[in-house]
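S.K.: can you look at this prediction? I've put the sequence above it.
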Amino acid sequence: MHIYANPKRFLSLAKWLTPLFLWSGILVTALSIGWGLTQVPPDRLMGESVRILFVHVPSAWLGMGGWTGIAIASAALLIWKHPLASVAARAIALPGMVFTAICLATGSIWGRPTWGTWWVWDGRLTSMLVLLFLYAGYIALSQATAREGGAPKIAAIFGLVGAVNIPIINRSVVWWNSLHQPPSITAGKSAIDSVFLVPLFVAVLGFTLLFAAIVLMRMRALIAEQQVEARLRRRALDDDMPVATSRLENA
Amino acid sequence: MREALDHWDFVIAAYAVGLGGLALLTAWSWQTMRHAERRRDEVKRR
Amino acid sequence: MSGSVPMKAKHQRMALVIVALIAIVAAGLIATWALRNQANYFYLPEQIAAEPPAVGQAVRLGGMVQPGSLETEADGVTVAFVVTGNEASSVPVRYSGILPDLFVEGSGVVAEGSLQADGTFLATNLLAKHDENYVPKELEGLEGHRAADSVAETTVGLD
């Protein structure tokens, strides 16, 4: 459990994995985009706009997957006090928020030619917008606690509480009448023809690899910042400068 | 009376938003990581 | 370090987190359950029939455009069609304006507007509801019958 909790061990692994995920992610995403734009036939009803599927759906899944990751990291932080868990949760928040925003933006662009509207306040769209605001709140809270030296516990509790929105997003189209259609892909069944489904999975793989690469890069940046801070603090104490020392201790 | 919009305009807009956002996020994450790790190495050396 | 005391504390924290998670999820489920009827984006024809809204009151009506019911009137902009819910219930709708591209017979629709005194629904805005099926154009003939069935499956309470 604690093998990778050690930042040194994590860093040596991350140095190796970051370029691997990054380049394979760029490659697979480029492949899926080319596939989606040129090789896929138009849909029976939606016509050419069906191609938005390959950007919209992976972003939606990763936006929700991101918060699931934050919730898992938050639980690990609260239960095992895993030293990397708080770094991981903070690293996931920004890409999760960007993917959620991409999902909302592309969904809106998709809604206009198909449904006939940019936006409606139905259960699915509203709960997804709530997720975007939850990300914004989480980022603000975790930044504030990290900067002021507050307990990361507060952000972790927020990460767990916010997770209740994930099943609501997922079930919103089943529980309530909504303009958004119900899930096309449910356990073992798909209402998406394979000419769309195969490139969709390629796009999901590409986006996921990029997401993983971004999380690793964010984690490395956050760890490096912590190391700099720790070193400067130690040096200030060693320098035998009573003014600096007392200022740091009071901070 | 049909709306008859050109769906390609919307496809291109959606791809531009999605891929543009993704490219910006990736580039920014890379840059902040490089910057933070370089600064750490400098501080360590001193 | 690895005595029994820190182990106990860890288990205590785990139990606390699990209890908290259960409480949060339960609270969320109860809240959404309470919202069950409030959060519906539209009413089905049978809901309109059972509890008719006041004449002129703004509501949303959702259902399936009955195949064969779509007619364009002489002015070329006004369309009349029937929205069906379950077998027995249906509401006639009139609408003047631009139709979204996905608005076709046998597909889902959400109409914003109000009920008139004569029982027709005068729509001020039409939204097309897509179903969860993604089928390329070439296969259209094969899947035509499924499109109608799927609308019934994609709307809550429409059996």
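M.R.: Now that the structure is in, tell me what you want to look at.
S.K.: and residue C:76, how close does it get to residue C:101?
M.R.: As judged by CB to CB, to the nearest Å, residue C:76 and residue C:101 stand 18 Å apart. The C-beta positions use only the backbone N, C-alpha and C, and glycine is treated the same way.
S.K.: ok, now how distant is the residue of the stretch 51-200 of chain A found nearest chain C from residue B:17?
M.R.: Nearest to chain C, among the residues of the stretch 51-200 of chain A, is residue A:116, at 3.0 Å (CB to the nearest CB). Using CB to CB, residue A:116 is found at 20 Å from residue B:17.
S.K.: and if you look at residue C:23?
M.R.: Residue C:23 is 39 Å from residue B:17, by CB to CB.
S.K.: who has more neighbours, these two?
M.R.: Higher neighbour count among residue C:23 and residue B:17: residue B:17, with 20 against 11, using other CB atoms under 10 Å in any protein chain shown.
S.K.: tell me which element the more buried one is part of?
M.R.: For residue B:17, the element it lies in under DSSP states H and E is helix B:7-45.
S.K.: so what does that helix touch, helix or strand wise?
M.R.: Packing partners of helix B:7-45 (3 or more CB pairs under 8 Å, 6 or more residues apart in numbering or on different chains; DSSP states H and E): helix A:7-34, helix A:53-80, helix A:85-114, helix A:194-238.
S.K.: residue A:182: which of the ones you listed is closest?
M.R.: Across the helices and strands packed on helix B:7-45, residue A:182 has its closest neighbour in helix A:53-80 (13.8 Å, CB to CB).
S.K.: for the residue of chain B found nearest chain C, which non-adjacent residue is spatially closest?
M.R.: Closest to chain C within chain B is residue B:3: 5.0 Å, counting by CB to the nearest CB. Computed as CB to CB, 6 or more residues apart in numbering or on different chains, the closest residue to residue B:3 that is not its neighbour in sequence is residue C:98, at 5.0 Å.
S.K.: now that neighbour: phi and psi?
M.R.: phi -90, psi 130 (degrees, to the nearest 10).
S.K.: what is the burial count for residue A:7?
M.R.: 17.
S.K.: ugh, wrong one, residue A:26
M.R.: 17.
S.K.: check contacts around it.
M.R.: Neighbouring residues of residue A:26 by CB atoms under 8 Å, 6 or more residues apart in numbering or on different chains: A:206, A:210.
S.K.: what about the strands in chain C?
M.R.: C:58-65, C:71-72, C:78-84, C:90-96, C:108-115, C:121-129 (DSSP state E).
S.K.: dump these into a markdown table; add mean pLDDT and distance to residue A:111 as well.
M.R.: Putting the strands of chain C into a markdown table (pLDDT from 0 to 100; distance: least, CB to CB, whole Å) gives the following:
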| stretch | mean pLDDT | distance to residue A:111 |
| --- | --- | --- |
| strand C:58-65 | 90 | 16 |
| strand C:71-72 | 89 | 25 |
| strand C:78-84 | 92 | 21 |
| strand C:90-96 | 92 | 19 |
| strand C:108-115 | 91 | 12 |
| strand C:121-129 | 92 | 9 |
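S.K.: doesn't residue A:112 make contact with residue B:13?
M.R.: No - Residue B:13 lies out of contact with residue A:112 (CB atoms under 8 Å); the separation is 9.4 Å.
S.K.: spell out which parts of chain A neighbour chain B.
M.R.: By CB under 8 Å from any CB of the partner chain, the residues of chain A that approach chain B are A:22, A:29, A:33, A:37, A:46-49, A:51-52, A:55-56, A:59, A:94-95, A:98, A:101-102, A:105-106, A:109-110, A:112-113, A:116, A:207, A:210, A:213-214, A:217-218, A:220-222, A:224-225, A:227-228, A:231-232.
S.K.: now with 7 Å, please.
M.R.: For chain A, the residues in contact with chain B (CB under 7 Å from any CB of the partner chain) are A:33, A:47-49, A:51-52, A:55, A:59, A:95, A:98, A:101-102, A:105-106, A:109-110, A:112-113, A:116, A:210, A:214, A:217-218, A:220-221, A:224-225, A:227-228, A:231-232.
S.K.: mind giving me the ChimeraX command for buried ones among those residues?
M.R.: Buried residues within the residues of chain A next to chain B, by 16 or more other CB atoms under 10 Å in any protein chain shown, are selected in ChimeraX with:
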select /A:33,47,48,49,51,52,55,59,95,98,101,102,105,106,109,110,112,113,116,210,214,217,218,220,221,224,225,227,228
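S.K.: any weak-confidence spans in chain A?
M.R.: A:1-5, A:150, A:240-251 (pLDDT under 70).
S.K.: middle-most residue in it, spatially?
M.R.: residue A:96 (2.3 Å; CA atoms, centre = their mean).
S.K.: turn the strands of chain C into TSV, columns for distance to residue A:6 and mean neighbour count.
M.R.: What follows is the strands of chain C, written out as TSV (distance: least, CB to CB, whole Å; neighbours: other CB atoms under 10 Å in any protein chain shown):
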stretch	distance to residue A:6	mean neighbour count
strand C:58-65	56	23
strand C:71-72	72	12
strand C:78-84	63	20
strand C:90-96	66	19
strand C:108-115	54	23
strand C:121-129	53	21
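S.K.: can I get the ones you listed in TSV including distance to residue C:40?
M.R.: Below are the strands of chain C laid out as TSV (distance: least, CB to CB, whole Å):
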stretch	distance to residue C:40
strand C:58-65	9
strand C:71-72	29
strand C:78-84	16
strand C:90-96	16
strand C:108-115	11
strand C:121-129	13
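S.K.: so which of those strands gets nearest residue A:163?
M.R.: Where these are weighed against each other on CB to CB, the nearest is strand C:121-129, at 29.4 Å.
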